[in-house]
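K.L.:
Dropping the sequence and predicted coords here.
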Amino acid sequence: MADLTVKAAYATITTEGGERFVGFVDRHEESYALFRQPLTGGPVWFEVNDPDFGAEDAVEQAQIGPGGLEITLRPAKAGRFGYAFSVDVRLKDCDGADAALAALREMGVVGME
């Protein structure tokens, strides 16, 4: 069981200011998971629910599991996430999930299959 869970109702992909953003948002927009990377490549910023709960190069591993996207955070970054070590993004009935997952693959998020 993950330390944090986002039950995504929809996913978004956008580019702005030379960066690509991939987000998963719950139905009531009370929680979200966001990935951000420069269009030229490089480290991926990941945040959950608030920019204060985020860090660059925080994702140790991300993979598709039975419930959706399973993210393991780097132990050294846990303090940035309220000492959470894992995040699940539940994708059941998530509009746009396939395109968002494809974008994460292009961004090189570790372990995407």
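P.N.:
Okay, I see it. Since we're looking at a predicted model, the values are computed, not measured.
K.L.:
pull the longest strand from the protein.
P.N.:
As assigned by DSSP state E, the longest strand anywhere in the chain is strand 4-16.
K.L.:
Contacts for that one, please.
P.N.:
Contact partners of strand 4-16, identified using Cβ atoms under 8 Å, 6 or more residues apart in numbering, comprise 20-27, 31-33, 39, 48-49, 68, 81, 84, 86-91, 93-97, 99-100, 103. For every residue, glycine as well, the C-beta is placed using N, CA and C.
K.L.:
Make a ChimeraX selection of the buried ones in these.
P.N.:
In ChimeraX, this line selects whichever of the contacts of strand 4-16 come out buried by 16 or more other Cβ atoms under 10 Å:
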select :20,21,22,23,24,25,26,31,32,33,48,49,68,81,84,86,87,88,89,90,91,94,96,97,100,103
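K.L.:
just checking, which of the contacts of strand 4-16 belong to helices?
P.N.:
Counting by DSSP state H, the part of these found in helices is 97, 99-100, 103.
K.L.:
rewinding a little: what mean pLDDT would you report for the longest strand of the chain?
P.N.:
The average of the pLDDT scores along strand 4-16 is 97.
K.L.:
The helix or strand of the chain with the lowest mean pLDDT packs against which elements?
P.N.:
Lowest on mean pLDDT, DSSP states H and E among the helices and strands of the chain sits strand 59-65, with a mean of 92. Counting contacts by 3 or more Cβ pairs under 8 Å, 6 or more residues apart in numbering; DSSP states H and E, strand 59-65 is packed against strand 68-73.
K.L.:
Now do E30, the pLDDT please.
P.N.:
Here, the pLDDT recorded for E30 equals 86.
K.L.:
could we number from 38 for the rest of this?
P.N.:
I'll keep to 38 as the first residue from here, and by that count the last item is E67.
K.L.:
ok, it to N86 distance?
P.N.:
Applying Cβ to Cβ, to the nearest Å, the value for E67 to N86 is 8 Å.
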